[in-house]
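1. Quick one: sequence and predicted model below, then my questions.
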Amino acid sequence: MEIKLENVSYKIIKNISLNINGKITCFTGKSGCGISTLLKLIAGLNKPGAGTIKIGDGFISNSEVKNISYIRRNTGYVFQRSDDYFFRKTVRDELKFSLKDYKGDISKRISDSLKTVGLDDSYLDRNPFSLSSGEKELLLIASVLAYNPEVIILDEPFRDLDFKNRDKIIKLLKMMKNRYKKTIIIGTLDSDLILKLADKVYVLDDGKIVMSGNKYKVLSSDLVNKPKLIKFSLMVKNEKNINIGFRDDISDLMKDVYRNVK
């Protein structure tokens with residue numbers, strides 16, 4: 001689904017224009033640069049103070065809104081702080097609420113959504129607030145995936161996940177992009193995560209886009225905290241004058257190192 005922002009301003013966000021059309025797009029920068037504010041605008045949760053936002057067949061400006069039900073149905077937002085967005089007594093009821101307009105077998109859809117993020121039916125009757133921080137994050141993701149939106153927006157989605165669940169969700173998001181052609185948008189300060197997932201990266205500073213491009217170009221710049229694998233490649237180039245290139249997987253990087261050593 002195509003998302004287009006034209007000269008959008010709102011609170012900290014200043015005159016941003018961009019196009020997103022499929023794949024995985026990441027927004028990064030320093031803390032307080034405006035990522036969460038921008039993600040909520042892209043999701044149609046707030047109206048811009050100036051400019052226009054087109055989300056598929058939906059349209060939002062300060063003075064006009066078209067097809068808001070279409071936008072709500074086709075965009076799923078995974079919030080950064082899960083505790084602020086649970087208000088039902090059981091996991092089952094949280095998922096049921098997200099499926100209030102679903103016409104199929106709700107029980108099966110609820111169960112399938114949990115299994116997709118690695119939780120099982122034993123969680124259905126538990127209180128969301130009794131879950132660990134990581135389990136709450138997985139439940140939030142399951143709540144969005146349950147109604148199968150075309151656009152999935154995640155704000156610091158892996159902050160509370162352990163390595164095992166982090167790896168599982170990375171694989172899930174890649175599968176949703178490749179197999180189901182979902183548009184996935186992630187806001188995060190975690191450059192290692194961006195290296196694993198992103199097709200395109202935007203860097204924000206004080207509410208403005210100061211750089212954009214493919215992940216290797218952006219993550220090797222001085223505008224972001226460089227991922228460990230990028231740092232290693234740059235170190236080899238600077239200290240050994242060997243250009244092994246950039247990789248997003250350590251096993252691929254080690255193969256490049258081995259080839260150059262030989």
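-> Yep, it's here.
2. helices or strands up against the helix or strand in which Ser212 is found?
-> For Ser212, the host element (DSSP states H and E) is strand 208-213. On a contact count with 3 or more CB pairs under 8 Å, 6 or more residues apart in numbering; DSSP states H and E, strand 208-213 meets strand 13-21, strand 200-205. Bear in mind the C-beta positions are built from the backbone N, C-alpha and C, glycine included.
3. How about residues contacting the last one?
-> Outside of strand 200-205, the residues within contact range by CB atoms under 8 Å, 6 or more residues apart in numbering are 18, 23-30, 33-35, 38, 194, 209-215, 218-219, 221, 223-224.
4. Please pick the buried ones from these.
-> Among these, those scoring as buried are 18, 23-29, 33-35, 38, 194, 209, 211, 215, 218-219, 224 (criterion: 16 or more other CB atoms under 10 Å).
5. Tell me where the protein has helices.
-> Along the chain, counting by DSSP state H, helices occupy 35-42, 68-74, 91-98, 106-116, 133-145, 163-178, 191-197, 215-219, 228-240, 250-261.
6. Which positions in the longest one come out as buried?
-> Buried residues in helix 163-178, counted by 16+ other CB under 10 Å: 165-166, 168-170, 173, 176-177.
7. How about the fourth one?
-> Using 16+ other CB under 10 Å as the test for burial, helix 106-116 gives 109-111, 113-114, 116.
8. which one of those residues is nearest Pro149?
-> Sorting those by how near they are to Pro149, with CB to CB, puts Ser113 at the top with 12.3 Å.
9. Report the separation between the closest one and Tyr85.
-> Distance, Ser113 to Tyr85, using CB to CB, to the nearest Å: 16 Å.
10. How is the protein divided into domains?
-> Annotated domains of the chain cover 2-90+148-221, 227-262 [automatic domain parsing].
11. Give me the buried positions along the shortest one.
-> Applying a neighbour-count criterion of 16+ other CB under 10 Å, the buried positions in domain 227-262 are 227, 229-230, 232-233, 236, 244, 246-248, 253, 256-257.
12. For the residues you listed, give me JSON lines that also has pLDDT and distance to Leu138.
-> As requested, those are exported to JSON lines (pLDDT from 0 to 100; distance: CB to CB, whole Å):
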{"residue": "Pro227", "pLDDT": "94", "distance to Leu138": "24"}
{"residue": "Leu229", "pLDDT": "92", "distance to Leu138": "26"}
{"residue": "Ile230", "pLDDT": "93", "distance to Leu138": "28"}
{"residue": "Phe232", "pLDDT": "89", "distance to Leu138": "31"}
{"residue": "Ser233", "pLDDT": "90", "distance to Leu138": "33"}
{"residue": "Val236", "pLDDT": "86", "distance to Leu138": "37"}
{"residue": "Ile244", "pLDDT": "83", "distance to Leu138": "36"}
{"residue": "Phe246", "pLDDT": "87", "distance to Leu138": "30"}
{"residue": "Arg247", "pLDDT": "84", "distance to Leu138": "28"}
{"residue": "Asp248", "pLDDT": "84", "distance to Leu138": "23"}
{"residue": "Leu253", "pLDDT": "79", "distance to Leu138": "29"}
{"residue": "Asp256", "pLDDT": "76", "distance to Leu138": "34"}
{"residue": "Val257", "pLDDT": "77", "distance to Leu138": "35"}
